[in-house]
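Visitor: Compute the structure for the input listed below.
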Amino acid sequence: MKLVKLAGVALMMLALVSPAMAQQQGGGQPDQVDQLAQMVGLDEAQQKKIRSIMDEMQGKIRALQQEAQQLQQKVQAEIKPDYDEEAIRKHAEKLGDLTGEMAALSTLMQARVDAVFTDEQREELNKRMEQMQKQMQQRRMQQQMQGQ
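Guide: So this is what the prediction gives:
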């Protein structure tokens, strides 16, 4: 049960971090905080706090993602007959460090957002995430059945 809770919250928070999801804000659709507010009943102060946390952390994560993309391009550029193993290893190590830092920032963001919720809101979120997880499993099973 604890694993389901953590996985559900992680899935929800990863969606909050996703740049594609962040771009929806300008498209007339409710943003993630609005969706979360509707889902668990956040008050205005909670919404403001969560937006502040997300703005701060997402900015840091986006900067790291850009740096990681540049490093990935450098690693890919080394795929050639006269490759430089030292350069590949140096870039790969830095890429690993960046990936670890992004994971840490994402987890910290999740923890900081979770701290804003009341116990009742956490329970409601967990219930909703379990429902979503069951729906996803049902869809996967239906797709597998159709594929046979």
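
Visitor: what residue ranges in the chain score low on pLDDT?
Guide: Applying pLDDT under 70 to the chain flags the ranges 1-29.

Visitor: Now find how far off-centre the helix ranked longest in the chain is within its chain.
Guide: Ranked by residue count and defined by DSSP state H, the top helix of the chain is helix 44-77. Taking Cα atoms, centre = their mean, to the nearest Å, one finds helix 44-77 lying 10 Å from the centre of the chain it belongs to.

Visitor: cool, stretch 118-137 as well?
Guide: Centre to centre, stretch against its chain (Cα atoms, centre = their mean), the figure for stretch 118-137 is 17 Å.

Visitor: Which neighbouring elements make contact with the strand or helix carrying Gly96?
Guide: According to DSSP states H and E, Gly96 maps onto helix 85-114. Contact partners of helix 85-114 among helices and strands, from 3 or more Cβ pairs under 8 Å, 6 or more residues apart in numbering; DSSP states H and E: helix 2-17, helix 44-77. Every C-beta, even on glycine, is put in place using the N, C-alpha and C of the backbone.

Visitor: With Lys94 as the reference, measure out to Gln65.
Guide: According to Cβ to Cβ, to the nearest Å, Gln65 and Lys94 sit 14 Å apart.

Visitor: swap in Lys74?
Guide: 9 Å.

Visitor: And Met109, by the same measure?
Guide: Met109 is 22 Å from Lys94, by Cβ to Cβ.

Visitor: go on, Lys80?
Guide: 20 Å.

Visitor: who has more neighbours, those two?
Guide: Set side by side, Lys80 and Lys94 show more neighbours around Lys94, with 15 against 8, by other Cβ atoms under 10 Å.

Visitor: which residues sit in contact with the more buried one?
Guide: Residues in contact with Lys94, defined by Cβ atoms under 8 Å, 6 or more residues apart in numbering, are Leu71.

Visitor: can you check Thr99 too?
Guide: Counting by Cβ under 8 Å, 6+ apart, Thr99 has contacts Ala68.

Visitor: what separates it from Gly41, distance-wise?
Guide: Taken as Cβ to Cβ, the span from Thr99 to Gly41 is 35 Å.

Visitor: try Ala103
Guide: Ala103 is 30 Å from Gly41, where distance means Cβ to Cβ.

Visitor: Check Ala111 too.
Guide: Counting by Cβ to Cβ - Ala111 and Gly41 are separated by 21 Å.
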